[in-house]
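J.: please find the sequence and the predicted model below.
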Amino acid sequence: ILKTAGLAGGKLMPQVSQWADSGWDINCPVFPAIISDTIAFKSAVVTRDERDHGDRLALNYGHTIGHAIELSLGYKRLTHGEAVLLGMLGAMAVARRIGKTKVRHLEPFVELILRALSQAPRLTLDKDRIVRGIETDKKKSLSRIRMVLLAEPGHPRVTFVSRDVIDRSISDMLRIYRAQ
């Protein structure tokens with residue numbers, strides 16, 4: 001849901017924020033609209049790009065680093081969704097580092113993700129293992145990694161990023177995660 005809120009932007013962001021304010025209660029009055037809007041967004045993306053060659057690539061937001069985190073943990077201790085949330089923090093760190101966004105555009109979204117992650121187990125993550133996990137990613141092309149980045153909620157962009165930028169951005173992500 002949070003990934004889709006970031007990709008879609010618009011009314012989904014304040015709805016998810018309201019849901020977070022309820023303590024992530026599925027009985028929150030806005031929750032049915034969140035589910036409906038999330039399904040509608042994903043359905044529209046998949047309908048436009050059934051073969052995963054254009055718009056649909058955005059649905060991989062957070063997955064490049066998230067999958068590497070899962071691999072680094074032996075697919076234990078975090079759910080897929082929790083790893084993707086961390087991957088989204090990493091993707092936002094990449095976007096900031098390469099100048100694809102301004103902090104003020106993503107800060108409310110970072111805060112929302114950190115609120116969600118506060119429900120997840122607190123773990124010590126190994127940066128080098130995460131970076132090695134990214135090296136095995138299917139989206140890798142020579143020395144660059146294809147990633148989905150947000151300029152701001154509702155504005156995803158697919159771009160290639162160097163291993164060095166990823167490495168430094170994972171350090172940034174881990175600092176944000178540890179500080180919460």
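T.: On my side now, so go ahead. Residues are numbered from 1 along each chain as shown.
J.: for the residue lying closest to residue 41 once chain neighbours are set aside, give me its contacts.
T.: Of all residues beyond its chain neighbours, the one nearest residue 41 is residue 8 (4.6 Å), with distances taken as CB to CB, 6 or more residues apart in numbering. All C-beta atoms are positioned from the backbone trio N, CA, C, and that covers glycine. Contacts for residue 8 were tallied using CB atoms under 8 Å, 6 or more residues apart in numbering; they are 37-38, 41, 153-154.
J.: just the ones of those in helices?
T.: Among those, the ones falling in helices (DSSP state H) are 37-38, 41.
J.: following the worst-scoring helix or strand of the chain on mean pLDDT, which helix or strand shows up next?
T.: Of the helices and strands making up the chain, the lowest-confidence element is strand 140-141, at a mean of 56, by mean pLDDT, DSSP states H and E. Following the chain from strand 140-141 toward its C-terminal end, the next helix or strand by DSSP states H and E is strand 144-150.
J.: can you list the strands that the following helix or strand past that following strand pairs with?
T.: Elements were assigned by DSSP H and E; along the chain past strand 144-150, the next helix or strand is strand 156-162. Within its sheet, and counting by DSSP bridges, strand 156-162 is paired with strand 144-150 (antiparallel).
J.: spatially central residue for the chain, please.
T.: Nearest to the geometric centre of the chain sits residue 88, at 2.2 Å (CA atoms, centre = their mean).
J.: related to what we said a few turns ago, drop anything exposed from the ones in helices among the contacts of residue 8.
T.: Applying a neighbour-count criterion of 16 or more other CB atoms under 10 Å, the buried members of those are 37-38, 41.
J.: mind listing what the residue nearest to the centre of the chain touches?
T.: Taking CB under 8 Å, 6+ apart as the definition of contact, the neighbours of residue 88 are 2-3, 6, 61-62, 66, 113.
J.: what separation is there between the residue nearest to residue 41 and residue 97?
T.: Distance, residue 8 to residue 97, using CB to CB, to the nearest Å: 24 Å.
J.: do the same with residue 36
T.: Following CB to CB, the distance that separates residue 36 from residue 97 is 35 Å.
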